[in-house]
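Colleague: I would like to see how this sequence folds:
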Amino acid sequence: MFALINLLAAEGAHTWHFWLGALMAPAAVLGVIAVFVLYFFKVTRTRYPRK
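Modeller: Below you'll find the predicted structure:
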């Protein structure tokens, strides 16, 4: 019985960590894309200023 409780507890921890990673991965990808886009706009504005 104790082994079954340990198995269920381990499965719950694994599921919790999986969903935490599933939430953080898209945020990290969007963060990297945002850095490149903002850098591009900053460089483009200094190279081609508005008239």
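Colleague: what are the phi and psi values for I33?
Modeller: phi -60, psi -40 (degrees, to the nearest 10).
Colleague: that one: neighbouring residues, count only.
Modeller: 10 (other CB atoms under 10 Å). Just so you know, the C-beta spots here come from the backbone N, C-alpha and C atoms, and that holds for glycine as well.
Colleague: cool, the one 5 residues further on as well?
Modeller: The number of residues packed near L38 is 10, by other CB under 10 Å.
Colleague: how about the helices of the protein, start to end?
Modeller: All helices of the chain, identified by DSSP state H, fall at 2-47.
Colleague: pLDDT weak spots in it?
Modeller: Within the chain, the ranges that satisfy pLDDT under 70 run 7-16.
Colleague: give me that answer again for 80
Modeller: 1-19, 48-51 (pLDDT under 80).
Colleague: most distant residue from the middle of this protein?
Modeller: No residue in the chain sits farther from the centre than K51, which is 38.7 Å out by CA atoms, centre = their mean.
Colleague: from F40, how far out is that residue?
Modeller: Per CB to CB, to the nearest Å, K51 is found 20 Å from F40.
Colleague: and L30, by the same measure?
Modeller: 15 Å.
Colleague: for P26, same thing?
Modeller: Counting by CB to CB - P26 and F40 are separated by 21 Å.
Colleague: try W19
Modeller: On the measure of CB to CB, W19 and F40 end up 33 Å apart.
Colleague: what do you get for N6?
Modeller: Per CB to CB, N6 is found 51 Å from F40.
Colleague: repeat for M1
Modeller: Applying CB to CB to M1 and F40 gives a distance of 60 Å.
Colleague: between those two, which is the more surrounded one?
Modeller: F40 (10 against 5).
Colleague: count of neighbours near I5?
Modeller: Other residues close to I5 by other CB under 10 Å number 9.
Colleague: what's the answer for R50, then?
Modeller: 4.
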